[in-house]
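S.K.: I'd like to go over a predicted model; first the sequence, then the structure.
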Amino acid sequence: MCDAKRLANVRNSDVLPAPGADPRADGTQGRPLAATLRRRGFLQATSATATGLALAALPSVAPAQVDVGSASTLRKLIPAGQLEEAAAQQYRQMLQQAAAKNALAPDNHPQLQALRSIAQRLIPYALPWNERAKSWRWEVNLIASKQINAFCMPGGKIAFYTGILDDLKLSTDEAAMIMGHEMAHALREHARERVAKTQATSIGISIGAQLLGLGDLGHIAANLGGQLLTLKFSRDDETEADLVGLELAARAAYAPQASVTLWQKMTKASGGGGMGFLSTHPTGPDRIESLEANVPKVLKLYEQARRKAG
Ligand SMILES: [Zn+2]
């Protein structure tokens, strides 16, 4: 189906679920989340505040279906609490800057509400991946920017740019795949690992010495500048985030096949190079093949979740 045509035929009320509604029940699957921001503008941006998401009860979760091994031990060189604190500060600054430019979506913005309802569904399944996540104060915000970008900082601070929703004309399921992928980076503490590697190298302390407790990188977490917003992860971390994200989304009843269509769209969009997400997320046949190979592993979870959602 032609996406542009599909988008043009959709009205606001069709695109986004009403707050609190179950998107599965009202047939929003496959509908574009991309939308109406330019028309609506950000007139109410000054009243926008970041809102913490209430946590649903932790469901009992079967062992992981995707195989990603255990998280890197290197990450332990950086105290998680300090990194999360630094991330929260950077996130807050970013929101303030966006608000000053009238580019922070207000709480009642339909696209933001849709993103927050995706997060509400994913978070209960995210918690078993990382003990710390139970005490995270998850936040989701939407920033008006043409840039194709989205991220989840350590501690569960999530941001989407309107460019990624609108340019890629994302369906709800595809947006859920991105959010799952980004949550997975935070849950698997890829930023912590990356910062540990970078800092250990830059100050000339061998990683071996650090692991033996012969150095202290703790204070560095507090002096990261804007680094956490622009981290580029390794190929292995990316694969891990793809697979963990795929599983999170399947458990929350988002169609696994959307992971494939999402990266097909990314591949198309990255044709002319790209900023933000496209520059930190190389797309190509490998990535899509790996997802295609893993979709069958989570299909059962997805079907069970769908049945449960009724
Ligand atoms: Zn990634």
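M.R.: Yes, it's here. Note that this is a predicted model, so its numbers are computed, not measured. Residues are numbered from 1 along each chain as shown.
S.K.: Please identify the nearest residue in space to Ile288, excluding sequence neighbours.
M.R.: Leaving aside its sequence neighbours, Ile288 sits nearest to Trp263 (Cβ to Cβ, 6 or more residues apart in numbering; 5.1 Å). Every residue, glycine included, has its C-beta placed from N, CA and C.
S.K.: typo on my end, it should be Tyr302
M.R.: The nearest residue in space to Tyr302 (Cβ to Cβ, 6+ apart) is Ala250, at 4.1 Å.
S.K.: Mind giving me the packing neighbours of the helix or strand containing that neighbour?
M.R.: Here Ala250 is covered by helix 235-251, with elements defined by DSSP states H and E. Contact here means 3 or more Cβ pairs under 8 Å, 6 or more residues apart in numbering; DSSP states H and E; on that basis helix 235-251 packs against helix 110-126, helix 172-187, helix 190-202, helix 257-269, helix 285-309.
S.K.: for the record, mean pLDDT for the last one?
M.R.: Same thing as helix 285-309. For helix 285-309, the mean per-residue pLDDT is 94.
S.K.: bridging residues for the residue in the stretch 1-150 of the chain that the ion sits nearest to?
M.R.: In the stretch 1-150 of the chain, the residue that lies nearest the ion is Ala150 (9.3 Å; Cβ to the ion). Under DSSP bridges, the beta-bridge partners of Ala150 are Phe160.
S.K.: State the distance from it to Ala80.
M.R.: To Ala80, Ala150 is 22 Å away according to Cβ to Cβ, to the nearest Å.
S.K.: secondary structure class for Val66?
M.R.: The three-state label given to Val66 by DSSP: H, G, I helix; E, B strand; the rest coil is coil.
S.K.: That one: what's its closest spatial neighbour, skipping adjacent residues?
M.R.: In space, Val66 is closest to Leu243, 3.9 Å off (Cβ to Cβ, 6+ apart).
S.K.: just checking, that neighbour touches Ala293?
M.R.: No: contact criterion Cβ atoms under 8 Å: Leu243 and Ala293 do not qualify, at 9.7 Å.
S.K.: one step back: neighbours of the residue nearest to Val66, just the number please.
M.R.: 25 (other Cβ atoms under 10 Å).
S.K.: Would you mind listing what in this structure touches the ion?
M.R.: Proximity of the chain to the ion, by Cβ under 5 Å from the ion, involves residues Glu238, Ala241.
S.K.: ok, now which ones touch Arg287?
M.R.: The contact partners of Arg287, taken as Cβ atoms under 8 Å, 6 or more residues apart in numbering, are Glu238, Thr239, Asp242, Trp263.
S.K.: Between which two of those residues is the distance greatest?
M.R.: Based on Cβ to Cβ, the longest span within these runs between Thr239 and Trp263 and measures 11.9 Å.
S.K.: Those two: which has the busier surroundings?
M.R.: The residue with more neighbours, out of Thr239 and Trp263, is Trp263; 24 against 18, by other Cβ under 10 Å.
S.K.: if I pick that one, what's in contact with it?
M.R.: Thr283, Arg287, Ile288, Leu291.
S.K.: Leaving out chain neighbours, which residue sits closest to Glu238?
M.R.: His281 (6.6 Å).
S.K.: Quick check, the one you found in contact with Leu262.
M.R.: No: the pair His281 / Leu262 is not scored as a contact, 10.7 Å apart, by Cβ under 8 Å.
S.K.: what about those two, which has more around it?
M.R.: Leu262 (25 against 22).
S.K.: ok, the closest residue to that one other than its chain neighbours to Ile158 distance?
M.R.: In this structure, Leu262 finds its nearest non-sequential neighbour in Glu174, 4.3 Å apart by Cβ to Cβ, 6+ apart. Computed as Cβ to Cβ, the Glu174 to Ile158 distance reads 16 Å.
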